[in-house]
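Asks: mind looking at a prediction? Sequence and model below.
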Amino acid sequence: MSEMDSTAAVPAMTEQGCPAGLPGSRPTTVLATCLRLTIAAFLALGTSGVPAAPGAQASAHRLADGNTGGDWAGWGRTYGEQHFSPLSEINGGNVNKLGLAWSVDLPPGNAVSVPLAVGGTLFYTTGYSVIHAVNAASGKPLWRFDPKAAEAAGERLRQGWGSRGIAWWNGMIFTGTQDGRLIAVNAATGREIWSTQTLEPGDHRFISGAPRVFDGKVIIGHGGADSGAARGYVTAYDARTGKQLWRFWTVPGNPANGFENDAMKMAARTWSGEWWKFGGGGTVWNAMSYDADTDTVFIGTGNGAPWNHRIRSKGKGDNLFLCSIVAIDGKTGAYKWHYQVNPGESWDYNAAMDMHLADLAINGTMRKVLIQAPKNGFLYVIDRLTGQLISAEKIAKVTWADRIDIATGRPVEHPGARFPDGTTFEMWPSNSGAHSWQPSAYSPLTRLVYIPVRETGIAMNDQGIDPDTWTYQGGNKPNLGLNLAPVKPDPLNNTSRLLAWDPVARQEAWRVATPGAWNGGLMATAGNLVFQGQIDGRINGYDSKTGRRLWSFDAGAGILAPPITYTANGKQYLTVLTGVGTSAGIDSSQLAATPDYRTQQRRVLTFALNGKAVLSANKTVVPEPVRDADYRPDNQMAMRGMMTFLSHCIECHGIGAIAAGAAPDLRASAIPLYGEAFRHIVHGGALVSQGMPRFTEFTGPQLDDLRQYIRSEAAAWRQRESERNPG
């Protein structure tokens, strides 16, 4: 299907017949009808362009936990972020009749967004926060909004891969952008209503996560602590106007400048040295939940900046509020309580994964709880009124800690976990996490949590690094302060599974092995089903009580995005976006197959009972190393180029220049063969609009070295192919 530009967006009233006339009516009747429609549309927009309907109360109902409506109006459907739908038209008894209803082919670029469906319209993002609206029942395009984020991002384009999701409220769609804007768009027309810059000029922050909306406010965080001196915060804005209402900083700043509030004063006592010069970290790049009953916002914070605790804080203190769940007053942004999953964090163990709000019977008493499986390999159940830890159990291989002490809430760490005296420690899970950003789900019917678990390890040390003299190099280079290396061969490494966990019994209910080390986000439904897309290109439906696979569809491309379900015209649909992107594109060894950036089938797939649509045939282009008759080995140049590649290019173009879907495979590209074309793209920014950053700091010799490294990797590929197919 073709897609329409936002500048050509057609208001709904036009589709009701104004330009073409009303069949069987006299011209005067047509004119009168059109005039009434035009006036109604104008009044609906109001003087500010903000839609007046459906109103704040109706908007709150669409996002309220426990509602029975057919919309999917937020990242996790409701405030409580359960990724659960009460719909049951599609169920375990008839899911075998689920078929493709319609599909839309997408262009190259990020396709791991969580879509939204409200009032019969499906909204989704591609690339760098390009929003699309289509008819939810047919896929017919309605409008497209492009904020031109890649062009505006500057150096921020060197981080992240694009938007993971959007938010809806009161007839508006909200998106964050790579360059830091928060934008409100009219959900009926795709016209921009307001835009505000949420970040500071010249910093290395960026936005990839979905905003959340509550009580007429929209809240947004950011990323950037892995490659910049970032001090994390979240900011709440008035959803109608974009006016800033409050900001909550997650780590303290320079004491000489004073503290923003008592929470920052308290947090500063858990830091040492001159931490503020390093930024500190604690970015809120993904997870946020909301409890309407207590007007409490819960945020999950990220790792330290730099990672190494000995550099960041002289190895002292818990460093609040890194890797924490923090409860904030929704009206004022004031601190309520916190729980820190990794005190003195030093391993990139984010607590930025989904937080499910639920009511559970714990030891015979109903408790209002928050459930989270962060990166570190444990699943936590926390009292969401007080922050008290109820339980914490391992759900994956864990070497950094023996257990979590329930009395103190603190981990009992392995003595070698902080790699003392220059030692190397084999960390499980790796910094990629036992659970990454792909959503888990909670079903209030089965009372089980469903988690896309990963099993990966990594070796860590800080050999050769002096904590007293180490400085961040800038330029969006990794802000780690330690060394990473592969672990010893282990059959468990780079495997994954779909895990069902009983948070009351504190034990596994069932598991299903999934292909590769990466698997897709999850959705549970009242139809006794759990749906998940997987890296091998299939989307599967499982019995939510037993894990038995009941349905499967070959999507033809890896799937990381979670599916959603909703009703349109009285019928239940299921939608998922296909295509591999984000950090899964760094290491091809973790994938079931290596997708090609240009030809992998990024699509919007929508299913319904008795759906009869058929996917178009997949492209079968297989990448191969570029022919390079002029190539001459130069190991010294290639080694210098490799160091530049590792510090600037690996995040998109992959380990060993083996791209895994997030960017083109440079070994198969002719561009590195030609110095001027290469300079024009890498140094001059010729492909910025397509997501390729500009590196103006690279000198001519650096560009030559980088070209040599890429050409050497292509030559190594050609050699392997020649040995595999002699003659």
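Replies: Received, thanks. Numbering: from 1, shown residues only.
Asks: torsion angles phi and psi at residue 700?
Replies: For residue 700, the backbone dihedrals (degrees, to the nearest 10) come out as phi -60, psi -50.
Asks: run a quick neighbour tally on residue 200.
Replies: 12 (other C-beta atoms under 10 Å). C-betas here are computed from N, CA, C, even on glycine.
Asks: oh, that last question was meant for residue 336, not what I typed.
Replies: Neighbour number of residue 336 under other C-beta under 10 Å is 17.
Asks: nearest spatial neighbour of it, chain-adjacent residues omitted?
Replies: Spatial nearest neighbour of residue 336, chain neighbours left out: residue 327 (4.0 Å); criterion: C-beta to C-beta, 6 or more residues apart in numbering.
Asks: secondary structure element for the one you found?
Replies: According to DSSP states H and E, residue 327 maps onto strand 324-329.
Asks: mind telling me what element the residue nearest to residue 457 when sequence neighbours are not counted is part of?
Replies: Excluding the flanking residues, the one nearest residue 457 by C-beta to C-beta, 6+ apart is residue 487, at 4.0 Å. Applying DSSP H and E as the criterion places residue 487 outside every helix and strand.
Asks: just checking: what are the partner strands of the strand holding residue 327?
Replies: strand 296-300 (antiparallel), strand 335-340 (antiparallel) (DSSP bridges).
Asks: please identify the deepest-packed of these.
Replies: With neighbours defined as mean count of other C-beta atoms under 10 Å, the strands paired with strand 324-329 peak in mean count at strand 296-300, which reaches a mean of 25.
Asks: burial measure for residue 546, as a count.
Replies: Residue 546: 14 neighbours (other C-beta under 10 Å).
Asks: now the residue minimising distance to the centre of the chain: how far from residue 561?
Replies: Note on the chain: the residue nearest the mean C-alpha position is residue 164, at 4.3 Å, using C-alpha atoms, centre = their mean. Distance, residue 164 to residue 561, using C-beta to C-beta, to the nearest Å: 8 Å.
Asks: again with residue 242
Replies: Distance of residue 242 to residue 561, computed by C-beta to C-beta: 28 Å.
Asks: of these two, which one has the most company?
Replies: residue 561 (27 against 16).
Asks: pLDDT weak spots in this protein?
Replies: Across the chain, the ranges flagged by pLDDT under 70 are 1-54, 473-478, 581-594, 597, 619-621, 660-661, 727.
Asks: for the residue nearest to residue 336, give the beta-bridge partners.
Replies: Note on residue 327: beta-bridge partners by DSSP bridges are residue 298, residue 337.
Asks: which residues touch it?
Replies: Residue 327 makes contact with 296, 297, 298, 335, 336, 337, 338, 384, 387, according to C-beta atoms under 8 Å, 6 or more residues apart in numbering.
Asks: pipe those residues into CSV and attach distance to residue 629 per row.
Replies: Shown next, in CSV, are the contacts of residue 327 (distance: C-beta to C-beta, whole Å):
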residue, distance to residue 629
296, 65
297, 60
298, 59
335, 65
336, 67
337, 66
338, 61
384, 65
387, 65
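Asks: out of those, who's nearest residue 640?
Replies: Nearest to residue 640 among the contacts of residue 327: residue 338, at 45.3 Å, using C-beta to C-beta.
Asks: and the strands in the stretch 501-650 of the chain?
Replies: Assigned by DSSP state E, counting those that start in this stretch, the stretch 501-650 of the chain shows strands spanning 507-514, 519-525, 529-534, 538-543, 549-554, 564-568, 571-578, 603-609.
Asks: and the contacts of the third one?
Replies: Around strand 529-534, the neighbours that count as contacts under C-beta under 8 Å, 6+ apart are 90-92, 95, 441, 443, 450, 452, 498, 500, 514-516, 519-525, 539-544, 550, 555, 558-563, 565, 574, 576, 578, 592.
Asks: try 6 Å this time
Replies: Applying C-beta atoms under 6 Å, 6 or more residues apart in numbering, the set of residues contacting strand 529-534 from outside is 450, 498, 514-515, 519-520, 522-524, 539-542, 544, 559, 563, 576.
Asks: mark which of those are buried, thanks.
Replies: 450, 498, 514-515, 519-520, 522-524, 539-542, 544, 559, 563, 576 (16 or more other C-beta atoms under 10 Å).
Asks: now residue 330: how far from residue 248?
Replies: In terms of C-beta to C-beta, residue 330 sits 11 Å off from residue 248.
Asks: these two - which one has more neighbours?
Replies: Remark: of residue 330 and residue 248, residue 248 carries more neighbours, 26 against 22, as counted by other C-beta under 10 Å.
Asks: between the two ends of stretch 494-513, how far is it?
Replies: 12 Å (C-alpha to C-alpha, to the nearest Å).
Asks: may I see the buried residues of that stretch?
Replies: 494-501, 503-504, 509-510, 512.
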